[in-house]
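Novice: Generate a structure from the sequence data that follows.
(one chain, ligands or ions: 1)
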Amino acid sequence: MSLQLRVYVPEHPLIKHWLAVARDINTPSVLFKSAMTELGRWLSYEAVRTWLPLMDAKVQTPLAECDATFVNPEVPVAVVPILRAGLALLDGAHNILPVASIYHLGLVRNESTLEVSCYLNKLPDRFLPETRILILEPMLATGGSIMMAMKEIASRGVASENIRIVSIVAAPPALQKLSEIYPHLQIYTAIIDEGINDKGYIIPGLGDAGDRAFGT
Ligand code: URA
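Specialist: Residues are numbered from 1 along each chain as shown. Below you'll find the predicted structure:
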């Protein structure tokens with residue numbers, strides 16, 4: 001697979017651990033949801049490392065004035081969970097980005113045709129071009145949902161350089177499609193798996209992330 005976009009798989013023991021918990025068929029729904037929250041937290045932590053804009057300032061400590069660096073509050077930060085499964089990553093991501101605005105995007109795929117359709121779109125008409133957008137989509141499989149999400153977001157005025165995707169398991173078909181259209185995109189994922197089956201599920205993957213997180 002030759003990709004132009006950058007896919008980061010952070011070498012972190014907690015990411016490995018929670019991925020193993022999430023993959024295990026014997027993990028009950030309540031623990032699966034905790035694993036997704038933790039993966040959302042640690043992968044978002046990695047994703048924002050070189051993406052949040054900073055601002056130099058001075059602060060007065062109780063003892064003296066000194067130089068300080070803040071996250072620039074003038075630059076909007078948005079988190080877009082792709083429903084349903086992306087909701088499972090939201091608590092962890094929002095925990096490290098508490099002032100981010102949350103824009104829900106509900107996408108569903110037809111299980112026979114694998115066609116994706118949108119049933120909820122809370123995105124604004126336009127984003128400010130400098131807005132930093134973190135998309136939460138745990139399973140990058142065929143690429144249908146993430147391509148639709150990217151199109152909806154990019155058409156609202158944000159360059160792909162300002163967008164980062166947090167996923168848990170990524171597969172080559174989705175990465176290839178994203179790379180062809182968005183070569184400057186950066187993706188943070190716990191693992192890249194070998195492929196997808198004829199039903200669009202990632203192998204070995206972790207099953208249906210939405211069903212497992214919500215127990216339905
Ligand atoms: N969506 C899922 O929840 N799991 C997959 O393996 C692929 C898409």
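
Novice: pull the helix or strand with minimum mean pLDDT from the chain.
Specialist: In the chain, the helix or strand scored least confidently by mean pLDDT, DSSP states H and E is strand 105-109, which has a mean of 93.

Novice: Pull out the buried positions in the next helix-or-strand element following that one.
Specialist: If you walk from strand 105-109 toward the C-terminus, the next helix or strand you reach (DSSP states H and E) is strand 116-121. Within strand 116-121, the residues that qualify as buried are residue 116, counting by 16 or more other C-beta atoms under 10 Å. In short, each C-beta sits where N, CA and C put it, glycine included.

Novice: residue boundaries of the helices in this structure?
Specialist: Taking DSSP state H, the helices of the chain run over residues 13-23, 29-47, 87-96, 144-154, 172-181, 209-214.

Novice: How about the contacts made by residue 75?
Specialist: Contacts here follow C-beta atoms under 8 Å, 6 or more residues apart in numbering; on that basis residue 75 touches 53, 130, 131, 132.

Novice: Of the residues you listed, which belong to strands?
Specialist: Mapping the contacts of residue 75 onto strands (DSSP state E) picks out residue 132.

Novice: what does the protein put close to the ligand?
Specialist: 85, 139, 141, 200, 201, 202, 205, 208, 209, 210 (C-beta under 6 Å from any ligand atom).

Novice: State the distance from residue 2 to residue 175.
Specialist: 10 Å (C-beta to C-beta, to the nearest Å).

Novice: do residue 90 as well
Specialist: The gap separating residue 90 from residue 175 is 23 Å, by C-beta to C-beta.

Novice: Now residue 134: closest residue in space, sequence neighbours ignored.
Specialist: Nearest non-adjacent residue to residue 134, counting by C-beta to C-beta, 6 or more residues apart in numbering: residue 79, 4.9 Å away.

Novice: Farthest from the middle of the chain: give me that residue.
Specialist: In the chain, the greatest distance from the average C-alpha position (C-alpha atoms, centre = their mean) is reached by residue 63, at 41.2 Å.
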